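Student: Sequence isn't available, so here's the structure alone:
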């Protein structure tokens, strides 16, 4: 969220470039900015993989990060990555933390920062889960993809999208009668020119998933437990059970 995050990708990039200019002027030359929009909790990130490939090719000699947890939030993976960078002759530096992997003390400091990053991540995950469960128990929408047939109102939560709701109710009625299977329902909807929210044709897996979604009953599902939702149902209990 570029508008609200203090450390958005754009802000990090600006701070990194300003730091280089202030500290070393023209002595350092920027090789490339590597960026990922994914979490630092895993290593399967395109920007990270590209950086390691370039490091092995000796394309640069210093890797500069805004904070070490931007690189990785797991101590073991961070340590292995630093060993790999050291093997390629690359030094890791942070503009907000006092360490430099060019020496033993810097490596020790890095390990400590890695421990705190991992702990911070685990704490955030724990608090988020507790918050989401509490939200679900009150019947509020806990987040995720808004089901077809609803839209999200900042103040009221899930509200019915009447245009989409007509399609949802039609699906349930067709399936509940028993004469139409999911493939036949898709065919009818697609031939009538109806499309899903992404503008694509309906597929049977999506239809079957929707027919089992308790959100349409006015429920909120959290970890397989159903709670009474604050939103209005799209179909009756009888129709849902029959489908």
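Tutor: Perfect, I can see it now. Owing to the predicted nature of the structure, the values given are computational and were not obtained by experimental measurement.
Student: Residue 110: which element?
Tutor: helix 104-137 (DSSP states H and E).
Student: Can you name the element that comes right after the helix or strand bottoming out on mean pLDDT in the chain?
Tutor: Within the chain, no helix or strand scores below helix 104-137, which has a mean of 76 by mean pLDDT, DSSP states H and E. Later in the chain than helix 104-137, the nearest helix or strand by DSSP H and E is strand 150-153.
Student: Tell me which helix or strand comes right after that next one.
Tutor: Assigned by DSSP H and E, the successor of strand 150-153 is strand 157-160.
Student: do you know how far residue 236 is from residue 26?
Tutor: As defined by Cβ to Cβ, to the nearest Å, residue 236 lies at a distance of 72 Å from residue 26. Just so you know, the C-beta spots here come from the backbone N, C-alpha and C atoms, and that holds for glycine as well.
Student: do the same with residue 159
Tutor: For residue 159, the distance to residue 26 - Cβ to Cβ - is 57 Å.
Student: Residue 167 too?
Tutor: From residue 167 to residue 26 the distance is 61 Å (Cβ to Cβ).
Student: ok, now residue 219?
Tutor: 63 Å.
Student: now the helices: where do they sit in this structure?
Tutor: For the chain, applying DSSP state H gives helices covering 9-24, 46-56, 75-87, 104-137, 162-177, 182-191, 204-211, 237-242.
Student: okay, those in TSV with mean neighbour count next?
Tutor: Below are the helices of the chain laid out as TSV (neighbours: other Cβ atoms under 10 Å):
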stretch	mean neighbour count
helix 9-24	13
helix 46-56	16
helix 75-87	16
helix 104-137	14
helix 162-177	16
helix 182-191	16
helix 204-211	16
helix 237-242	13
